[in-house]
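Asker: The sequence isn't on hand, but the structure is:
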């Protein structure tokens, strides 16, 4: 079973991001992939004024951005998993949410990131709110899918919980911050979660020089790399 992992740096322009995602979807379909995995924040990312801009960018899960993703799924016969900003019911700070759509464009699952990254100069909780429930794994073409988001990779118990809930495959969308040894930590933690849980683990990262690491990678339960990228924007297609 082939799947594709798309590495790119989201811009503060949803229309441009959608065009890039569309190109990745077309390439993934040509490569014979059954599913396309995208990074955290794929909808939108702003380096400054995050509290106000993230809130302005946020949409409901049946909003225009999600509808455009649904059309891409139908057009390419492809399942898709993507990070976006979800409107909160009270209109306040949005959720950092990952959605999973099937090849008809129907939403099969959504996960609101529970543990926000509050280290460094821009604490995530200053602009976003945390979810309160673990993801309930769902059946997808490559297997029963579990989800953790970015910083949550550092918590083995969260990965173990996804396994206990029936996951057969772990998806980790990320905007993994750049810095000394951060690429090493990212790859090491992905491999560790794969080994501990016995689940193939797909880490799909943003890349923006000096901001996000890139280094999208997939690991088998043995810890063996299934494929990896370094810097830049690219599509990685692997066989599970």
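Answerer: Arrived safely, thanks for sending. Every value quoted in this text rests on a predicted model; they were computed, and no experiment measured them.
Asker: residue boundaries of the strands in this structure?
Answerer: Counting by DSSP state E, the chain has strands at residues 2-7, 35-37, 79-86, 95-101, 107-112, 138-140, 143-147, 169-174, 201-205, 207-208, 212-213, 217-219, 225-228, 234-239.
Asker: could those strands be laid out in JSON lines, adding mean neighbour count, mean pLDDT and distance to residue 187?
Answerer: Heads up, the C-betas are built off the backbone N, CA and C, glycines and all. Below are the strands of the chain laid out as JSON lines (neighbours: other C-beta atoms under 10 Å; pLDDT from 0 to 100; distance: least, C-beta to C-beta, whole Å):
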{"stretch": "strand 2-7", "mean neighbour count": "26", "mean pLDDT": "98", "distance to residue 187": "14"}
{"stretch": "strand 35-37", "mean neighbour count": "29", "mean pLDDT": "99", "distance to residue 187": "17"}
{"stretch": "strand 79-86", "mean neighbour count": "26", "mean pLDDT": "98", "distance to residue 187": "20"}
{"stretch": "strand 95-101", "mean neighbour count": "24", "mean pLDDT": "98", "distance to residue 187": "21"}
{"stretch": "strand 107-112", "mean neighbour count": "19", "mean pLDDT": "98", "distance to residue 187": "23"}
{"stretch": "strand 138-140", "mean neighbour count": "17", "mean pLDDT": "98", "distance to residue 187": "24"}
{"stretch": "strand 143-147", "mean neighbour count": "23", "mean pLDDT": "98", "distance to residue 187": "19"}
{"stretch": "strand 169-174", "mean neighbour count": "27", "mean pLDDT": "98", "distance to residue 187": "12"}
{"stretch": "strand 201-205", "mean neighbour count": "28", "mean pLDDT": "98", "distance to residue 187": "8"}
{"stretch": "strand 207-208", "mean neighbour count": "20", "mean pLDDT": "98", "distance to residue 187": "14"}
{"stretch": "strand 212-213", "mean neighbour count": "25", "mean pLDDT": "97", "distance to residue 187": "9"}
{"stretch": "strand 217-219", "mean neighbour count": "26", "mean pLDDT": "98", "distance to residue 187": "6"}
{"stretch": "strand 225-228", "mean neighbour count": "16", "mean pLDDT": "98", "distance to residue 187": "8"}
{"stretch": "strand 234-239", "mean neighbour count": "18", "mean pLDDT": "98", "distance to residue 187": "14"}
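Asker: do you know which of these lies nearest residue 181?
Answerer: Nearest of the strands of the chain to residue 181, taken as C-beta to C-beta: strand 212-213 at 10.3 Å.
Asker: Contacts for the closest one, please.
Answerer: Contact with strand 212-213 is made by 9, 175-178, 182-183, 186, 205-207, as judged by C-beta atoms under 8 Å, 6 or more residues apart in numbering.
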